[in-house]
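Enquirer: Model the following, please.
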Amino acid sequence: MMDAVHIRRFDRPTRLLHIVVMSTFLGLSATGLPLLFSDAPWSRMLAALFGGFHGAGLVHRFFGATLLLAIVWHIGNVFWRAFVRGERGLFWGPTSMVPQPRDAVQLGQHITWFVGAGPRPRFEHFAYWEKFDYWAVLWGTALMGAAGLVLWFPVAAADVLPGWMFNVALFVHGAEATLAIGFIFVIHFFNGHLRPGKFPMDLVMFTGSVPEDEFREERAGEYSRLVATGGLAAVTAPAPSAALSYRGHLIGTAGLTIGLVLVAFILYAVLR
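Expert: Presented below is the predicted three-dimensional model:
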């Protein structure tokens, strides 16, 4: 129902950051795979969309630089909020993205719930799989970014690194990229969109809010905390407009489709 009470989960800067990360990752995947699997039958066709292999390389560097800048901005913003604005709870507490003991406990509870042997965990603002997704992106971006910069600026890198590091950088960049693509386009997409209760798509990262009844069921721990502290009213929001929901469906469907096609390309190249 469009007039139902919603609960705001993500503000506009967070949603914009997600779109930037999503778009650049898709671009990096689409331009990097033809270079990584250049002997695959589909690589020339995919590279042609960007003006050939040379053009794909140039576009790949653009997306890579944009993603690195977005991650650096995000990390800087977190530290600014924590140490300049004095926001509490960013590094520990119920709304933190830092893994905590309760996440391990809730993982076990979730498994028992899956098999019908226990109640559903009472998740807080972020569940354990969301934290895993978050840190996987940060770690993967740092690793791929460092290796990518070595390959992008080989002359400058050669002044401080031994020659064998270039082989390591080439291997790490390709291997980590393949792992990241598989993880994002299979595990993350399943958790975010394809799992029961969310299929065919979870729009919260595009609209920023969820219906209150859905929030109460999926984030029972956070809901109880907000009710107990009187903070629920502060996070209520109107339902997203039909236009915003439509854009969310459009962007999400495009990303999901591109991702699954790229996974199919990888499987074909590896298994043929």
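Enquirer: mind showing which ranges of the chain have poor pLDDT?
Expert: Along the chain, segments meeting pLDDT under 70 span 1-3, 194, 196-197, 199-200.
Enquirer: And the strands in the stretch 101-250 of the chain?
Expert: Using DSSP state E, counting those that start in this stretch, the strands assigned to the stretch 101-250 of the chain run over residues 209-211, 236-237.
Enquirer: right, and the ones you listed - which one's nearest W73?
Expert: strand 209-211 (23.9 Å; C-beta to C-beta). C-beta coordinates here come from the backbone N, C-alpha and C atoms, glycine included.
Enquirer: And that closest one, what's buried?
Expert: Going by neighbour count (16 or more other C-beta atoms under 10 Å), the buried part of strand 209-211 is 209-210.
Enquirer: what's the answer for stretch 89-98, then?
Expert: 90, 96-97.
Enquirer: From the residues you listed, pick the one nearest S43.
Expert: Of all those, S43 sits closest to M97, with 36.5 Å by C-beta to C-beta.
Enquirer: wait, F215 sits on I7?
Expert: Yes: using C-beta atoms under 8 Å, F215 is in contact with I7, at 4.2 Å.
Enquirer: what's the overlap in contacts for these two?
Expert: With contacts defined as C-beta atoms under 8 Å, 6 or more residues apart in numbering, no residue is shared by F215 and I7.
Enquirer: Name the residue most distant from the centre of the chain?
Expert: Distance from the C-alpha centroid of the chain peaks at D159, with 34.4 Å (C-alpha atoms, centre = their mean).
Enquirer: follow-up on the earlier one: tabulate the strands of the stretch 101-250 of the chain (CSV), appending distance to A48.
Expert: Putting those into CSV (distance: least, C-beta to C-beta, whole Å) gives the following:
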stretch, distance to A48
strand 209-211, 41
strand 236-237, 44
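Enquirer: Where does I7 sit: helix, strand or coil?
Expert: Classification of I7 by DSSP: H, G, I helix; E, B strand; the rest coil places it in strand.
Enquirer: Which neighbouring residues are in contact with it, exactly?
Expert: By C-beta under 8 Å, 6+ apart, I7 lies in contact with 209-212, 215, 232, 235-237.
Enquirer: I'd like to know how far it sits from L16.
Expert: Noted for I7: a distance of 20 Å to L16, by C-beta to C-beta, to the nearest Å.
Enquirer: Which parts of the stretch 151-272 of the chain are helices?
Expert: Secondary structure of the stretch 151-272 of the chain (DSSP state H, counting those that start in this stretch): helices at 154-158, 164-182, 189, 204-207, 212-218, 220-229, 242-271.
Enquirer: scratch that, the stretch 1-150 of the chain is what I was asking about
Expert: Assigned by DSSP H, counting those that start in this stretch, the stretch 1-150 of the chain shows helices spanning 12-36, 43-48, 53-83, 101-114, 128-152.
Enquirer: so can I have a markdown table of the ones you listed showing mean neighbour count and distance to A264?
Expert: Output for the helices of the stretch 1-150 of the chain, formatted as a markdown table (neighbours: other C-beta atoms under 10 Å; distance: least, C-beta to C-beta, whole Å):
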| stretch | mean neighbour count | distance to A264 |
| --- | --- | --- |
| helix 12-36 | 18 | 11 |
| helix 43-48 | 16 | 12 |
| helix 53-83 | 15 | 19 |
| helix 101-114 | 14 | 28 |
| helix 128-152 | 18 | 21 |
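Enquirer: can you tell which of those helices is closest to H173?
Expert: Among those, helix 128-152 comes nearest to H173, with 3.9 Å by C-beta to C-beta.
Enquirer: Show me what the closest one is packed up against.
Expert: Here helix 128-152 touches helix 53-83, helix 101-114, helix 164-182, going by 3 or more C-beta pairs under 8 Å, 6 or more residues apart in numbering; DSSP states H and E.
Enquirer: For the closest residue in space to Y134 that isn't next to it in sequence, which residues are in contact?
Expert: Leaving aside its chain neighbours, Y134 sits nearest to M97 (5.2 Å; criterion: C-beta to C-beta, 6 or more residues apart in numbering). For M97, the contacting residues are 126, 130-131, 134-135, by C-beta under 8 Å, 6+ apart.
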